[in-house]
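Chemist: Got a sequence here, can you build the structure:
(one chain, ligands or ions: 1)
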Amino acid sequence: MEKIPVGILGATGMVGQWFVKLLAHHPWFEVTALAASARSAGKTYAEATTWVIPGEPPEAVQGMVIEACDPHLPCRLVFSALPGAEAGPIEEAFAAAGYVVSSNASSHRYDPDVPLLIPEVNPDHLGLIEVQRRRRRWQGFIVTCANCSTTQLVLALEPLRRAFGIRAISVVTMQALSGAGYPGVPGLSILGNVIPYIPGEEEKLEREPKKIWGVLQGEEIAEAELAISAHCHRVATRDGHLEAVSVALEREAALEEVIAALEDFRSLPQELELPSAPARPIVVRKEPDRPQPRRDREEGGGMSVVVGRVRACPVLDWKLELLGHNTVRGAAGGAILNAELLLAQGYLG
Ligand SMILES: NC(=O)c1ccc[n+]([C@@H]2O[C@H](COP(=O)([O-])OP(=O)(O)OC[C@H]3O[C@@H](n4cnc5c(N)ncnc54)[C@H](OP(=O)(O)O)[C@@H]3O)[C@@H](O)[C@H]2O)c1
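Modeler: Residues are numbered from 1 along each chain as shown. Next comes the predicted model:
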């Protein structure tokens, strides 16, 4: 099949670089446009970018000239890795001009007519696209990814929600430095240290799962009712967010049932064999000291969530550790998977 031309907004940043890397050999999409701020526009990608992610930048993009984030790019689909403070009006201008926008930014996550999508969890929320286009009189539309910590939490707990229902979640995160972009947190603040505060993060983690697990009723999402409490910490790891989670279920479950639900979980992206879908969305480790960021973040090409230490919790019902690659599944890889689902479901036609 002929590849679909795509653009990247915020291509020079940390998440933008992951888009460039993950799309370099994509079977369906081909990067034809790179865009960033006025600081970078007019320069080549090599001149404008401080490449900070593993591996070398793909040769094909190095000489491409960075464009401004105006909706005149030679493509129909754009991936957005813009800062939340800037993304709102830029993404709207692209959608109004007929582009499909697959975004990592938080600006439109809570808009009632914008899907907050994890393809394994709520693919039916794509039903909002028709509502969005009609209400806003747009040719194009916006689909968003969840926050990185939310994505891995919701994906890992989805099989338990389906099998047993979830009443309450308590989550403590240990989030990698790459989650703050580049240059991010100053070295002197984080070296040999843990910072028990990430602005806005706990609010996102307590809010987003309720929309993702909500039910599409007519033209609205009726949010899921459950209690979520989050503590977020920045730690001195490079990539891979670790989360210590306790969960209260609606129905009783045995340990073997909980583990079987996690291990057996497959969903629509696996059925459709989407190119970025991991064969096993959740990988359960049995060793007492796993998952670990450095050893487990590449599981499923960075698209799987790794769960371990599943055990009874004396306060809620069950507790476990989970790990996800924040800049792959939690950012660029997640937005690419969203776009693959859009294509497979006929929304890019
Ligand atoms: N890092 C993660 O783990 C992660 C996970 C999930 C979601 N996200 C979200 O992804 C987005 C990008 O994060 P990041 O860590 O990649 O940030 P970043 O490293 O700071 O990169 C920001 C990018 O946006 C461009 N930009 C900044 N201001 C702009 C403007 N006014 N107009 C056009 N382009 C502008 C920058 O271009 P210049 O180089 O020209 O300045 C750069 O390409 C954020 O919304 C973030 O919340 C990040």
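Chemist: Neighbours of the one residue in the stretch 1-150 of the chain that gets nearest to the ligand, how many?
Modeler: At 1.9 Å from the ligand, residue 13 is the closest residue in the stretch 1-150 of the chain, using Cβ to the nearest ligand atom. Any C-beta I mention is one placed from the backbone N, CA and C, and that applies to glycine too. By other Cβ atoms under 10 Å, the residues close to residue 13 number 23.
Chemist: pretty sure it is in contact with residue 36, am I right?
Modeler: Yes: using Cβ atoms under 8 Å, residue 13 is in contact with residue 36, at 7.5 Å.
Chemist: hmm, back to that, tell me the contacts of the residue of the stretch 1-150 of the chain closest to the ligand?
Modeler: Neighbouring residues of residue 13 by Cβ atoms under 8 Å, 6 or more residues apart in numbering: 36, 81, 83, 181, 182.
Chemist: Roughly how far does whichever residue of the stretch 101-250 of the chain sits closest to the ligand sit from residue 63?
Modeler: Using Cβ to the nearest ligand atom, the closest approach of the stretch 101-250 of the chain to the ligand is made by residue 181 at 2.8 Å. Separation of residue 181 from residue 63 (Cβ to Cβ, to the nearest Å): 25 Å.
Chemist: the more surrounded of the two?
Modeler: A count of neighbours by other Cβ under 10 Å puts residue 181 above the other of residue 181 and residue 63, at 17 against 10.
Chemist: interface residues of the stretch 151-300 of the chain facing the ligand?
Modeler: 178, 179, 181, 182 (Cβ under 6 Å from any ligand atom).
Chemist: and which of those residues is nearest residue 50?
Modeler: residue 182 (6.7 Å; Cβ to Cβ).
Chemist: Could you verify my assumption that the closest one touches residue 52?
Modeler: Yes: contact criterion Cβ under 8 Å: residue 182 and residue 52 qualify, at 5.0 Å.
Chemist: hey, what's in contact with both of those two?
Modeler: residue 14.
Chemist: show me the contacts for the nearest residue to residue 176 once chain neighbours are set aside.
Modeler: Leaving aside its sequence neighbours, residue 176 sits nearest to residue 237 (Cβ to Cβ, 6 or more residues apart in numbering; 4.4 Å). By Cβ under 8 Å, 6+ apart, residue 237 lies in contact with 174, 176, 177, 293, 294.
Chemist: Doesn't residue 237 lie inside a helix?
Modeler: No: with DSSP: H, G, I helix; E, B strand; the rest coil as the criterion, residue 237 is coil rather than part of a helix.
Chemist: next one: phi and psi at it?
Modeler: phi -100, psi 160 (degrees, to the nearest 10).
Chemist: Numbering from 88 from now on, please.
Modeler: Taking 88 as the first residue, the last one we looked at is residue 324.
Chemist: Okay, helices next: where are they in the stretch 88-237 of the chain?
Modeler: With DSSP state H, counting those that start in this stretch applied, the stretch 88-237 of the chain shows helices at 101-110, 132-135, 146-149, 171-183, 215-223, 235-251, listed in chain order.
Chemist: Could you chop the chain up by domain?
Modeler: 91-234+419-431, 235-412 (automatic domain parsing).
Chemist: The longest one: end-to-end distance?
Modeler: Domain 235-412 stretches 8 Å from its first residue to its last (Cα to Cα, to the nearest Å).
Chemist: Show me which residues of the stretch 88-237 of the chain are close to the ligand?
Modeler: Counting by Cβ under 6 Å from any ligand atom, the stretch 88-237 of the chain sits next to the ligand at 97-103, 123-124, 126-127, 156, 168-171, 173-174, 191-193, 235.
Chemist: Kindly write the PyMOL command that selects the buried subset of those residues.
Modeler: Buried residues within those, by 16 or more other Cβ atoms under 10 Å, are selected in PyMOL with:
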select buried, resi 97+98+99+100+101+102+103+123+124+127+156+168+169+173+174+191+192+193+235
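Chemist: about what we covered before: the residue of the stretch 188-337 of the chain closest to the ligand and residue 418: what is the separation?
Modeler: Distance of residue 268 to residue 418, given as Cβ to Cβ: 10 Å.
Chemist: Can you check which residues contact both of the two?
Modeler: With Cβ under 8 Å, 6+ apart, residue 268 and residue 418 have common neighbours residue 102.
Chemist: so what's the residue in the stretch 288-436 of the chain that the ligand sits nearest to up against?
Modeler: Distances between the stretch 288-436 of the chain and the ligand by Cβ to the nearest ligand atom are smallest at residue 418, namely 3.6 Å. The contact partners of residue 418, by Cβ under 8 Å, 6+ apart, come to 102, 105, 168, 191, 232, 235.
Chemist: Let's see the pLDDT reported for the first one.
Modeler: To tie it back to what came earlier, the one meant is residue 102. Looking at residue 102, its pLDDT stands at 96.
Chemist: give the contact list for it.
Modeler: Counted by Cβ under 8 Å, 6+ apart, residue 102 has contacts 168, 191, 268, 414, 418, 419.
Chemist: And for the fourth one?
Modeler: When the contact criterion is Cβ under 8 Å, 6+ apart, the partners of residue 191 are 102, 166, 167, 168, 231, 232, 418, 419, 421, 422.
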